[in-house]
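J.: Just need the structure, nothing else, for what follows:
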Amino acid sequence: MLTVMAKRSSILHWKGSRLRVLSVFFIGLMILSGCGGNAMSRLTHVDENSASLQIIINDDEIKDREDSSMLVDALKEALLHSFKDVSVKRGYNSAKVGELVIIPQRLKSSAYMRDNWNVIANVDSTIKVLTFTNYKVYSLDGADVYKPSVGEKLVLVVPFVGHATEAALKGPYVTAAKNKAMESMVAKFHDRLVSSPEFKAYVESLKMAKIPADLEIRVRFTDADSFLPNNTLDAGEDAELVVTVSNKGKGPGYGTNLEVVTDNSKVFFEKNITIGDIPPGETRDIKINLKSARNIGDEKVSFKLNLNEKRGYNAKSVVLNVSISNQINRIIDSIISKTIYKMRQKGWKRIAIAEIDYSDSSYIKLNNYLLEEFYSKFGQIKEISVVEKNLIDKALIRVGPSFSNLIRPSSGTNFFINHETVKKFGELTEGNTIFYWIIAESSGKRKIKTYLVDIDKGKIF
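T.: Okay, here's the model as predicted:
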């Protein structure tokens, strides 16, 4: 008898377990089959031109996030209501003409069950949309409630099902709630996307995008504002390349970029310049600042310019050769040599370098260059010493605010020299001579004339 009762108990337990599993299975099917919402059926429609866009979903940034596949599936379902070609390509980060690349950048989802077995779900995401010319980022959220039917709730109170079923059913309930919330969110995204001015402008631009651009570049060199304006890139000089970009075609030039390369490592400039879109018939001038090294040398420097367009309608490359010169440094070296020779003749050992004031910007640039070079090169000569600039400044405070109170040109080759002030300056600095120069211009050329002032006698040589 005990054996028979044990067998009956075992059979009932097996039947109960089997029935419990089957119940969970069928209720799960009921939940999943009923989780579809109406959000997708209310999506905004687009015209035929918009529908022909190719949509690519790149889920690379959210691939490790919970419910990432649910978001991708919801996006595909929503977008297929309006677009004929929707695909998923992980790692696809740039759009070609006629494409929209959809990149979910962030995804957060949550759900919780109330006492009445209703499940509340919340989702939010950031989605980036790339066109071949631009991009836009959408911040989105969605929320929904999954309400189990009476039949689904009944399973939870059937005695033979027990608490194991409750735990098993929470998973499908949560999935169903998140699905509905996700559908709500992507429906918002779909409608905001297709109704945005940027989307409409992009569709219109595709009509023009099929028409090629005809880009052309011209380039010229100018050193008009430099310290030696001689159409040559001199050592230590600032100059410019002026690049004229034109679109002579009927279609726009999209995403243009100017690339400049040179064969001389002693010329410094910006090598890549983003210009952007160039409409048909438009011309632009782009200025590229050049800076040459102080030991640039002679001969020529070659610049090659490439203008690249996003669709491949690139301009023909242009090469410009510019003369370079180290003449200014040869002039300075000659001045230094002659000055040292005169100092040896006079027995002078200590020199003060004058800092001249000019108002013209190009004169100021040359003057500053000369000042730096004179300090550097006189300082390398062992047999003399250079009065430190801070000591000169302190001395000038005592005798006058600038060297113009000590010495200045009066007319032609004549100079005004304040003997007493010069002598006092010499006492304060322990200098033997003041190294003084003027920048003269004749027949469009600039010349540097230098002088030595005998501090003790107040004479100029």
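J.: Only C-alpha atoms from now on, for both contacts and neighbour counts.
T.: Noted.
J.: ok now do the closest residue to residue 242 other than its chain neighbours, which residues does it touch?
T.: Closest residue in space to residue 242, ignoring its immediate chain neighbours: residue 287 at 4.7 Å, by Cα to Cα, 6 or more residues apart in numbering. Residue 287 is in contact with 240-243, counting by Cα atoms under 8 Å, 6 or more residues apart in numbering.
J.: which two in the residues you listed are spaced the farthest apart?
T.: 240 and 243 (9.4 Å; Cα to Cα).
J.: so which helix or strand takes in residue 453?
T.: For residue 453, the host element (DSSP states H and E) is strand 445-454.
J.: What is the subsequent helix or strand relative to that strand?
T.: According to DSSP H and E, the helix or strand after strand 445-454 is strand 459-460.
J.: So for the strand holding residue 453, mean pLDDT?
T.: For strand 445-454, the mean pLDDT works out to 88.
J.: for stretch 428-436, same thing?
T.: On average, stretch 428-436 scores 92.
J.: what does that stretch contact?
T.: 348-354, 387, 391-392, 395, 426, 450-456.
J.: Would you mind checking the residues you listed for buried ones?
T.: The neighbour count (16 or more other Cα atoms under 10 Å) marks 348-354, 387, 392, 395, 426, 452-456 as buried among these.
J.: Excluding covalently adjacent residues, which one is nearest to the residue nearest the centre of the chain?
T.: Geometric centre of the chain, nearest residue: residue 274, 9.4 Å, by Cα atoms, centre = their mean. Nearest non-adjacent residue to residue 274, counting by Cα to Cα, 6+ apart: residue 257, 4.6 Å away.
J.: what helix or strand does that neighbour sit in?
T.: Counting by DSSP H and E, residue 257 is part of strand 253-262.
J.: Return that strand as CSV; C-alpha atoms alone will do.
T.: What follows is strand 253-262, C-alpha atoms only, in CSV (Å, rounded to 0.1, in the frame of the first residue of the first chain):
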residue,chain,number,x,y,z
GLY,A,253,31.4,70.9,-53.5
TYR,A,254,30.8,69.0,-50.3
GLY,A,255,33.1,68.8,-47.3
THR,A,256,36.1,70.3,-49.0
ASN,A,257,39.5,70.2,-47.3
LEU,A,258,42.7,72.0,-48.4
GLU,A,259,46.0,70.1,-47.9
VAL,A,260,49.4,71.9,-48.2
VAL,A,261,52.7,70.0,-48.3
THR,A,262,56.2,71.3,-48.7
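J.: quick one: strands adjacent to the one helix or strand the residue nearest to residue 242 maps to?
T.: For residue 287, the host element (DSSP H and E) is strand 283-292. Partner strands and pairing direction for strand 283-292 (DSSP bridges) are strand 238-247 (antiparallel), strand 267-268 (antiparallel).
J.: Let's have those strands in CSV, adding distance to residue 314.
T.: Formatted as CSV, those follow (distance: least, Cα to Cα, whole Å):
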stretch, distance to residue 314
strand 238-247, 11
strand 267-268, 25
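J.: Return the most buried member of these.
T.: strand 238-247 (a mean of 20; mean count of other Cα atoms under 10 Å).
J.: now that one against strand 253-262, angle please.
T.: 150 degrees (axes from the mean of the first three to the mean of the last three Cα atoms, to 10 degrees).
J.: avg pLDDT for strand 238-247?
T.: For strand 238-247, the per-residue pLDDT averages 96.
J.: Equivalent analysis for stretch 110-117, please.
T.: pLDDT averaged over stretch 110-117 gives 79.
J.: what comes into contact with that stretch?
T.: 119-123, 147-148, 153, 170, 174, 177-178.
J.: ok, which pair from the residues you listed is furthest apart?
T.: 123 and 153, at 25.2 Å, using Cα to Cα across the contacts of stretch 110-117.
J.: Which of those two has more residues huddled nearby?
T.: residue 123 (24 against 16; other Cα atoms under 10 Å).
J.: Assumed the more buried one was part of a strand.
T.: Yes: counting by DSSP: H, G, I helix; E, B strand; the rest coil, residue 123 falls inside a strand.
J.: Next up, the contacts around it.
T.: Residues near residue 123 by Cα under 8 Å, 6+ apart: 107-110, 141-143, 178, 181-182, 185.
J.: how about 6 Å then?
T.: 108-109, 141-142 (Cα atoms under 6 Å, 6 or more residues apart in numbering).
J.: which one among these gets closest to residue 218?
T.: After measuring these against residue 218 - Cα to Cα - the closest member comes out as residue 141, at 50.8 Å.
J.: which non-adjacent residue is nearest that closest one?
T.: Closest to residue 141 by Cα to Cα, 6+ apart is residue 124, at 3.9 Å.
J.: for residue 407, same thing?
T.: Nearest to residue 407 is residue 417, by Cα to Cα, 6+ apart, at 4.6 Å.
J.: How many residues are close by that neighbour?
T.: 19.
J.: quick one: it and residue 404 touch, right?
T.: No: if you go by Cα atoms under 6 Å, residue 417 and residue 404 don't touch, sitting 9.1 Å apart.
J.: what is in contact with these two at once?
T.: With Cα under 6 Å, 6+ apart, residue 417 and residue 404 have no common neighbours.
J.: got a list of contacts for the strand holding residue 453?
T.: Contacts for strand 445-454 (Cα under 6 Å, 6+ apart): 433-440, 459-461.
J.: List the ones among those residues that fall in strands.
T.: 433-440, 459-460 (DSSP state E).
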